[in-house]
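1. What would the 3D arrangement of this be:
(one chain, ligands or ions: 1)
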Amino acid sequence: MNDASSIRIARPMQLFETALVIDYFLNATPEYLNSLGVDPKLVPERALWIARFEQQFALPVEERKVLLVLWELDDKPVGFSSSDKIRFGEEAHMHLHIFNPERRLRGNGTAFVRQTAKIYLETLKLKRLFCEPYALNVAPNRTLQAAGFKYIKTYETTPGLMNFRQPVTQWMLEREAVL
Ligand SMILES: CC(C)(COP(=O)(O)OP(=O)(O)OC[C@H]1O[C@@H](n2cnc3c(N)ncnc32)[C@H](O)[C@@H]1OP(=O)(O)O)[C@@H](O)C(=O)NCCC(=O)NCCS
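-> The predicted model follows:
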């Protein structure tokens, strides 16, 4: 099945929409979080998420530690991307999530990742954009390749505050390849 006839729009997320991100993680099962490389015990409680997002949205883009992009299919939110490890003017890391499993594997992720990469490269004036999914999570690895990212390497790390130590695959998209 494919959603090719639907209109897919990736756009910068507004503060009130971050509730979708918080709900996505707080409502997830431990099994699902594990499949993403996330340790359920390390997912922050709601108040901390809200405070972090409010603080980030108050900053100018040059000073942001996190930038969020909402994915809409026919005007309805279906997923999001976040970016972190931002070095403005240089590089950042992105993450990708479609909320509902029924909306996955329909070509949506590839289309949204392509649009989202342009948003990050332009907004953060990046030279390169990375994504380092859990090596055992097939979906993002296939999607990044389909969206034009180049495979760089596989190595072991603790990618973020919510993750357990894990093997990750590093994918990279250079500015010149897109803009
Ligand atoms: C990762 C994600 C955003 C990809 O979006 P998607 O809409 O499912 O991806 P697409 O339908 O565009 O598929 C892109 C490619 O990946 C492949 N793929 C996607 N999911 C797959 C899976 N579970 N198993 C095997 N291949 C898969 C598709 O077959 C397609 O391959 P092709 O280019 O050879 O045709 C989505 O699957 C998702 O939200 N997964 C759960 C969250 C997650 O794992 N996030 C990653 C955290 S870093």
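
2. use CA for all of it now, contacts and neighbours both
-> Fine.

3. which parts of this protein sit against the ligand?
-> For the chain, the residues in contact with the ligand (C-alpha under 6 Å from any ligand atom) are 36, 95-98, 104-110, 133, 138-140, 142-143, 146.

4. Out of those, which end up buried?
-> 36, 95-98, 104, 108-110, 133, 140, 143, 146 (16 or more other C-alpha atoms under 10 Å).

5. out of the residues you listed, which are inside helices?
-> Using DSSP state H, the members of these that fall in helices are 108-110, 140, 143, 146.

6. Quick check: bridge partners of the residue nearest the centre of the chain?
-> The structure's the chain has its C-alpha centroid closest to residue 95; by C-alpha atoms, centre = their mean the separation is 2.2 Å. Beta-bridge pairing for residue 95 (DSSP bridges): residue 82.

7. picking that back up, with pLDDT added, can I get the buried ones among the residues of the chain next to the ligand in CSV?
-> Output for these, formatted as CSV (pLDDT from 0 to 100):
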residue, pLDDT
36, 97
95, 98
96, 98
97, 98
98, 98
104, 97
108, 97
109, 98
110, 97
133, 98
140, 98
143, 98
146, 97
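
8. Among the residues you listed, which one lies nearest to residue 5?
-> residue 108 (10.9 Å; C-alpha to C-alpha).

9. and the residue nearest to that closest one when sequence neighbours are not counted, which of the three is it?
-> The shortest distance from residue 108 to any non-neighbouring residue, by C-alpha to C-alpha, 6 or more residues apart in numbering, is to residue 3 (6.9 Å). For residue 3, the assignment made with DSSP: H, G, I helix; E, B strand; the rest coil gives coil.

10. In contact with residue 3, which residues?
-> Residue 3 makes contacts with 106-108, as judged by C-alpha atoms under 8 Å, 6 or more residues apart in numbering.

11. what are the ranges of the strands in this structure?
-> 8-12, 67-73, 76-87, 91-98, 128-131, 150-157, 166-174 (DSSP state E).

12. hey, which of these is tucked in deepest?
-> Highest mean neighbour count of the strands of the chain: strand 67-73, a mean of 23 (counted as mean count of other C-alpha atoms under 10 Å).

13. other SSEs contacting it?
-> Counting contacts by 3 or more C-alpha pairs under 8 Å, 6 or more residues apart in numbering; DSSP states H and E, strand 67-73 packs against strand 8-12, strand 76-87.

14. What strands flank it, and is each parallel or antiparallel?
-> strand 8-12 (antiparallel), strand 76-87 (antiparallel).

15. Turn those into a markdown table, columns for mean pLDDT.
-> Shown next, in a markdown table, are those (pLDDT from 0 to 100):
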| stretch | mean pLDDT |
| --- | --- |
| strand 8-12 | 98 |
| strand 76-87 | 98 |
